[in-house]
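In: Predicted model, plus sequence, below.
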Amino acid sequence: MKNILLIEDEKNMARFIELELRHESFHIVVAYDGKTGLDLALGEEWDVILLDLMLPGIDGLEVCRKIRATKKTPIIMLTARDSVTDRVFGLDSGADDYIPKPFAIEELLARMRVVFRRQEEQMAGQRSLLMHGELQVDLNARVVSKADQIIELTKREYDLLVKLMKNVNRVLARDMLLDTVWGFEAAVETNVVDVYVRYLRNKIDSPKEPSYIQTVRGIGYVMRK
Ligand code: CA
(Lines give C-alpha, C1' and ligand atoms only; values in the text may rest on other atoms or scores of the structure.)
Protein backbone atom coordinates (compact mmCIF):
# COMPACT_ATOMS: atom_id res chain seq x y z
CA MET A 1 0.00 0.00 0.00
CA LYS A 2 1.30 3.46 -0.92
CA ASN A 3 2.03 5.84 1.92
CA ILE A 4 0.88 9.39 1.34
CA LEU A 5 1.62 12.45 3.42
CA LEU A 6 -0.75 15.37 2.91
CA ILE A 7 0.30 18.74 4.27
CA GLU A 8 -2.71 21.03 4.01
CA ASP A 9 -4.09 23.57 6.47
CA GLU A 10 -7.59 23.91 5.02
CA LYS A 11 -9.53 21.32 7.00
CA ASN A 12 -12.30 20.78 4.44
CA MET A 13 -9.86 20.38 1.60
CA ALA A 14 -7.69 18.06 3.67
CA ARG A 15 -10.67 15.96 4.70
CA PHE A 16 -11.87 15.71 1.10
CA ILE A 17 -8.49 14.55 -0.21
CA GLU A 18 -8.02 12.20 2.74
CA LEU A 19 -11.37 10.46 2.14
CA GLU A 20 -10.90 10.21 -1.60
CA LEU A 21 -7.41 8.76 -1.33
CA ARG A 22 -8.43 6.37 1.41
CA HIS A 23 -11.22 5.26 -0.87
CA GLU A 24 -8.54 4.52 -3.49
CA SER A 25 -6.82 2.33 -0.86
CA PHE A 26 -3.93 4.64 -0.07
CA HIS A 27 -2.59 5.00 3.43
CA ILE A 28 -2.73 8.70 4.16
CA VAL A 29 -1.56 10.87 7.02
CA VAL A 30 -2.53 14.54 7.24
CA ALA A 31 -0.50 17.37 8.75
CA TYR A 32 -2.23 20.73 9.13
CA ASP A 33 0.80 22.98 9.33
CA GLY A 34 4.25 23.28 7.82
CA LYS A 35 6.25 22.36 10.91
CA THR A 36 4.34 19.14 11.65
CA GLY A 37 4.40 18.28 7.97
CA LEU A 38 8.13 18.79 7.69
CA ASP A 39 8.81 16.64 10.75
CA LEU A 40 6.69 13.83 9.33
CA ALA A 41 8.23 14.24 5.88
CA LEU A 42 11.74 13.88 7.25
CA GLY A 43 10.97 11.33 9.94
CA GLU A 44 9.20 8.69 7.90
CA GLU A 45 9.21 7.16 4.42
CA TRP A 46 6.51 8.32 1.99
CA ASP A 47 5.69 7.37 -1.57
CA VAL A 48 4.52 10.88 -2.29
CA ILE A 49 4.02 14.09 -0.35
CA LEU A 50 1.11 16.34 -1.31
CA LEU A 51 2.13 19.78 -0.19
CA ASP A 52 -0.02 22.88 0.00
CA LEU A 53 1.79 26.09 -0.90
CA MET A 54 0.16 28.50 1.56
CA LEU A 55 0.67 27.10 5.04
CA PRO A 56 0.81 28.67 8.48
CA GLY A 57 4.25 28.64 10.11
CA ILE A 58 6.65 27.37 7.49
CA ASP A 59 5.19 27.82 3.99
CA GLY A 60 5.04 25.12 1.35
CA LEU A 61 8.07 26.28 -0.64
CA GLU A 62 10.23 26.32 2.46
CA VAL A 63 8.96 22.88 3.49
CA CYS A 64 9.75 21.65 -0.01
CA ARG A 65 13.30 23.02 0.02
CA LYS A 66 13.97 21.57 3.47
CA ILE A 67 12.75 18.13 2.42
CA ARG A 68 14.85 18.30 -0.76
CA ALA A 69 17.94 19.17 1.24
CA THR A 70 17.99 15.60 2.53
CA LYS A 71 15.36 13.50 0.76
CA LYS A 72 14.19 12.57 -2.73
CA THR A 73 10.59 11.78 -1.76
CA PRO A 74 8.35 12.85 -4.66
CA ILE A 75 6.45 16.04 -3.92
CA ILE A 76 3.32 17.35 -5.63
CA MET A 77 2.56 20.95 -4.74
CA LEU A 78 -1.08 21.99 -4.29
CA THR A 79 -1.93 25.62 -4.50
CA ALA A 80 -4.79 28.04 -4.93
CA ARG A 81 -2.52 30.42 -6.77
CA ASP A 82 -1.87 29.67 -10.37
CA SER A 83 0.61 31.95 -11.98
CA VAL A 84 3.66 31.08 -14.00
CA THR A 85 5.89 32.46 -11.25
CA ASP A 86 4.40 30.13 -8.65
CA ARG A 87 4.79 27.21 -10.95
CA VAL A 88 8.44 27.98 -11.58
CA PHE A 89 8.97 28.56 -7.87
CA GLY A 90 7.39 25.25 -7.01
CA LEU A 91 9.49 23.31 -9.49
CA ASP A 92 12.66 25.23 -8.64
CA SER A 93 12.19 24.38 -5.00
CA GLY A 94 12.39 20.73 -5.99
CA ALA A 95 8.74 19.77 -6.38
CA ASP A 96 8.10 16.99 -8.91
CA ASP A 97 4.78 18.36 -10.03
CA TYR A 98 2.31 21.11 -9.37
CA ILE A 99 -1.47 21.09 -9.34
CA PRO A 100 -3.57 24.25 -9.12
CA LYS A 101 -6.67 24.31 -6.92
CA PRO A 102 -9.45 23.63 -7.44
CA PHE A 103 -8.70 20.30 -9.05
CA ALA A 104 -10.69 17.16 -9.72
CA ILE A 105 -9.54 14.21 -7.64
CA GLU A 106 -9.01 12.24 -10.87
CA GLU A 107 -6.45 14.79 -11.93
CA LEU A 108 -4.57 14.42 -8.66
CA LEU A 109 -4.69 10.63 -8.96
CA ALA A 110 -3.39 10.82 -12.51
CA ARG A 111 -0.44 12.95 -11.43
CA MET A 112 0.28 10.64 -8.53
CA ARG A 113 0.35 7.70 -10.93
CA VAL A 114 2.90 9.51 -13.08
CA VAL A 115 5.07 10.06 -10.01
CA PHE A 116 4.77 6.41 -8.94
CA ARG A 117 5.57 5.18 -12.44
CA ARG A 118 8.65 7.38 -12.62
CA GLN A 119 9.73 6.10 -9.21
CA GLU A 120 9.25 2.49 -10.24
CA GLU A 121 11.20 3.03 -13.43
CA GLN A 122 14.06 4.58 -11.49
CA MET A 123 14.10 1.71 -9.03
CA ALA A 124 13.94 -0.79 -11.85
CA GLY A 125 16.89 0.93 -13.52
CA GLN A 126 18.96 0.71 -10.36
CA ARG A 127 18.22 -2.93 -9.78
CA SER A 128 18.30 -3.83 -13.47
CA LEU A 129 14.76 -5.10 -13.52
CA LEU A 130 12.69 -5.81 -16.56
CA MET A 131 9.00 -5.28 -15.97
CA HIS A 132 6.01 -6.11 -18.05
CA GLY A 133 2.54 -6.14 -16.55
CA GLU A 134 2.87 -8.21 -13.40
CA LEU A 135 5.97 -9.94 -14.69
CA GLN A 136 9.33 -8.94 -13.35
CA VAL A 137 12.79 -10.20 -14.17
CA ASP A 138 15.69 -9.36 -11.90
CA LEU A 139 18.63 -9.66 -14.27
CA ASN A 140 21.26 -9.65 -11.53
CA ALA A 141 19.66 -12.37 -9.49
CA ARG A 142 18.20 -14.15 -12.55
CA VAL A 143 14.88 -14.34 -10.78
CA VAL A 144 11.54 -14.17 -12.55
CA SER A 145 8.43 -13.30 -10.61
CA LYS A 146 4.81 -12.52 -11.27
CA ALA A 147 2.87 -10.46 -8.77
CA ASP A 148 5.71 -11.22 -6.32
CA GLN A 149 5.44 -15.00 -6.81
CA ILE A 150 8.65 -16.54 -8.04
CA ILE A 151 8.37 -18.48 -11.30
CA GLU A 152 10.89 -21.26 -11.91
CA LEU A 153 12.20 -21.26 -15.46
CA THR A 154 14.80 -23.36 -17.23
CA LYS A 155 17.79 -21.57 -18.72
CA ARG A 156 16.28 -21.56 -22.23
CA GLU A 157 12.92 -20.35 -21.02
CA TYR A 158 14.63 -17.61 -19.04
CA ASP A 159 16.78 -16.50 -21.98
CA LEU A 160 13.78 -16.48 -24.27
CA LEU A 161 11.70 -14.43 -21.83
CA VAL A 162 14.51 -11.92 -21.30
CA LYS A 163 14.96 -11.53 -25.04
CA LEU A 164 11.26 -10.84 -25.48
CA MET A 165 11.06 -8.49 -22.51
CA LYS A 166 14.07 -6.50 -23.66
CA ASN A 167 12.34 -6.00 -27.00
CA VAL A 168 8.83 -5.05 -25.98
CA ASN A 169 6.72 -4.06 -29.01
CA ARG A 170 9.32 -5.45 -31.42
CA VAL A 171 8.38 -8.56 -33.36
CA LEU A 172 11.12 -11.17 -33.05
CA ALA A 173 11.38 -13.67 -35.87
CA ARG A 174 11.69 -17.37 -35.06
CA ASP A 175 15.13 -17.78 -36.64
CA MET A 176 16.36 -14.64 -34.90
CA LEU A 177 15.23 -16.08 -31.55
CA LEU A 178 16.78 -19.38 -32.44
CA ASP A 179 20.09 -17.67 -33.22
CA THR A 180 20.26 -15.58 -30.10
CA VAL A 181 18.72 -17.93 -27.55
CA TRP A 182 19.96 -21.28 -28.84
CA GLY A 183 23.00 -20.06 -30.75
CA PHE A 184 25.26 -22.36 -32.72
CA GLU A 185 24.04 -25.48 -30.95
CA ALA A 186 20.83 -25.03 -32.79
CA ALA A 187 20.99 -27.94 -35.13
CA VAL A 188 17.29 -27.96 -34.48
CA GLU A 189 14.26 -26.82 -36.32
CA THR A 190 12.70 -23.44 -35.74
CA ASN A 191 9.65 -25.09 -34.21
CA VAL A 192 11.72 -25.56 -31.05
CA VAL A 193 10.98 -21.85 -30.52
CA ASP A 194 7.25 -22.57 -30.65
CA VAL A 195 7.68 -25.38 -28.17
CA TYR A 196 9.54 -23.14 -25.72
CA VAL A 197 7.06 -20.30 -26.13
CA ARG A 198 4.40 -22.82 -25.14
CA TYR A 199 6.38 -23.88 -22.06
CA LEU A 200 6.84 -20.25 -21.15
CA ARG A 201 3.18 -19.39 -21.60
CA ASN A 202 2.22 -22.27 -19.34
CA LYS A 203 4.39 -20.79 -16.63
CA ILE A 204 3.79 -17.06 -16.95
CA ASP A 205 0.26 -16.62 -18.28
CA SER A 206 -2.92 -16.52 -16.22
CA PRO A 207 -5.88 -18.66 -17.20
CA LYS A 208 -8.59 -16.73 -19.07
CA GLU A 209 -6.28 -13.83 -19.74
CA PRO A 210 -4.54 -13.05 -23.02
CA SER A 211 -1.04 -14.45 -23.24
CA TYR A 212 1.87 -12.19 -22.44
CA ILE A 213 3.46 -13.45 -25.62
CA GLN A 214 1.61 -12.78 -28.85
CA THR A 215 2.08 -14.90 -31.91
CA VAL A 216 2.73 -13.04 -35.14
CA ARG A 217 1.62 -15.59 -37.66
CA GLY A 218 4.26 -16.70 -40.11
CA ILE A 219 6.93 -14.55 -38.44
CA GLY A 220 7.50 -15.02 -34.75
CA TYR A 221 6.60 -13.55 -31.38
CA VAL A 222 6.20 -10.25 -29.61
CA MET A 223 5.40 -8.89 -26.17
CA ARG A 224 3.38 -5.71 -26.40
CA LYS A 225 2.78 -2.93 -23.90
CA1 CA B 1 -3.38 26.64 2.49
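Out: Great, that's in hand.
In: Looking at this protein, which helix is longest?
Out: In the chain, taking DSSP state H as the definition, the longest helix is helix 105-126.
In: Run through the neighbouring helices and strands of that helix.
Out: helix 11-23, strand 48-52, strand 75-79, strand 97-100, strand 129-132 (3 or more Cβ pairs under 8 Å, 6 or more residues apart in numbering; DSSP states H and E). Backbone N, C-alpha and C define where each C-beta goes, glycine included.
In: Contacts for the last one, please.
Out: Strand 129-132 is contacted by residues 120, 123-124, 136-139, 162, 165-166, 168, 212, 223, 225 when judged by Cβ atoms under 8 Å, 6 or more residues apart in numbering.
In: For the helix or strand just after it, give me every contacting residue.
Out: Under the assignment DSSP states H and E, the closest C-terminal helix or strand after strand 129-132 is strand 135-138. Contact with strand 135-138 is made by 127-131, 143-146, 161-162, 165, 204, 212, as judged by Cβ under 8 Å, 6+ apart.
In: how many neighbours does the residue of the chain found nearest the ion have?
Out: Nearest residue of the chain to the ion (Cβ to the ion) works out as Met54 at 3.9 Å. Counted with other Cβ atoms under 10 Å, the neighbours of Met54 add up to 16.
In: Show me which residues of the chain sit near the ion.
Out: 9, 52, 54 (Cβ under 5 Å from the ion).
In: Now flag whichever of those residues is closest to Thr180.
Out: If you rank those by distance to Thr180 using Cβ to Cβ, Asp52 comes first, at 52.8 Å.
In: and the closest one, what is it in contact with?
Out: Applying Cβ under 8 Å, 6+ apart to Asp52 gives the contacts 7-10, 13, 60, 77-79.
In: So for it, what's the pLDDT?
Out: Note on Asp52: pLDDT of 94.
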